[in-house]
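> Mind folding the following:
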Amino acid sequence: MAKILIVEDSEELLALIADFFRSKGSFEVSTAPDGNKALDLISSNDYDIAILDIMLPGANGFDVCKALRSKSKCPIVFLTALGNESNILKGYEIGADEYMIKPFSLKVLYAKCLALLSRTESELKKEVVLECGDIKLYPLRMDVEAAGKKITLAPKEYFLLKVLMENKGIVLGRDRLLDLVWGYGFDGTDRVVDNHVKKLRKHLGSAGEQIRTVIGGGYKIV
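As a prediction, this is how the structure comes out:
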């Protein structure tokens with residue numbers, strides 16, 4: 001059963017959508033009436049798909065989309081009254097997969113969600129899993145396992161691990177890691193790399209020993 005998050009500030013509409021999806025028997029439904037509640041749910045749960053309004057109390061739908069996209073590749077559908085081109089383009093730019101304008105058809109919304117889930121499942125079957133020793137990284141899902149257990153990483157920790165695993169056995173200098181993970185415009189010091197490596201090793205437990213420090217060189221994973 002797929003887990004869906006529905007974020008909508010209209011109580012009546014939220015109940016209508018949630019009841020419709022529950023009636024189909026294919027979804028485990030979670031709801032949020034505002035952006036802040038949605039952010040709380042996202043921080044502690046994994047979802048297979050999400051439906052987001054844009055105009056919300058607290059954090060808006062764009063903020064919720066960014067937060068969800070930072071930790072998950074799940075399909076995101078914007079369902080909103082904001083139908084101007086700039087909002088539609090912004091929605092797609094920050095990671096939305098579909099953009100529907102109110103008023104809308106529940107049947108069409110449901111069909112779009114099924115199609116997005118089907119496409120995602122097909123992509124996951126083709127997913128190339130990165131493996132190194134006791135560590136597995138699933139790029140499409142942004143999931144990480146260490147010694148057979150799923151672990152939760154902050155976005156920068158995840159991308160740092162991903163870069164190391166994509167370059168398994170290769171020494172990457174701190175400056176290079178700053179460019180690949182933090183971007184060329186980052187103006188901090190390379191100490192941020194050391195701090196994130198320390199946190200990453202702690203999250204990985206015993207598998208953290210696979211990240212080796214190369215004196216005068218940087219880091220590599222073995």
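> any idea whether the nearest residue to residue 101 once chain neighbours are set aside is helix, strand or coil?
In this structure, residue 101 finds its nearest non-sequential neighbour in residue 83, 4.3 Å apart by CB to CB, 6 or more residues apart in numbering. Yep, even glycine has a C-beta here, placed from its N, CA and C like the rest. What DSSP: H, G, I helix; E, B strand; the rest coil gives for residue 83 is coil.
> What is the neighbour count of residue 83?
Close neighbours of residue 83, defined as other CB atoms under 10 Å, add up to 11.
> Quick check: the gap between it and residue 102.
Distance from residue 83 to residue 102, counting by CB to CB, to the nearest Å: 8 Å.
> can you check residue 21 too?
17 Å.
> if you count what's nearby, which of those two comes out ahead?
Remark: of residue 21 and residue 102, residue 21 carries more neighbours, 23 against 13, as counted by other CB under 10 Å.
> so the more buried one touches residue 2, yeah?
No: the criterion here is CB atoms under 8 Å, and residue 21 misses it with residue 2 at 9.5 Å.
> Against residue 99, how distant is the residue nearest to residue 101?
Going from residue 83 to residue 99 by CB to CB gives 9 Å.
> and if you look at residue 157?
With distances taken as CB to CB, residue 157 is found 31 Å from residue 99.
> what do you get for residue 52?
Taken as CB to CB, the span from residue 52 to residue 99 is 10 Å.
> any shared contact partners between these two?
77, 78, 80 (CB atoms under 8 Å, 6 or more residues apart in numbering).
> Next, show the common contact partners of residue 21 and residue 2.
Residues touching both residue 21 and residue 2 (CB under 8 Å, 6+ apart): residue 27.
> contacting residues around the spatially most central residue of the chain?
By CA atoms, centre = their mean, the chain has its centre lying nearest to residue 72, at 1.8 Å. If a contact means CB under 8 Å, 6+ apart, then residue 72 has 46, 47, 141, 142 as its contacts.
> hmm, which of these are the buried ones?
Buried members of the contacts of residue 72, counted by 16 or more other CB atoms under 10 Å: 47, 141, 142.
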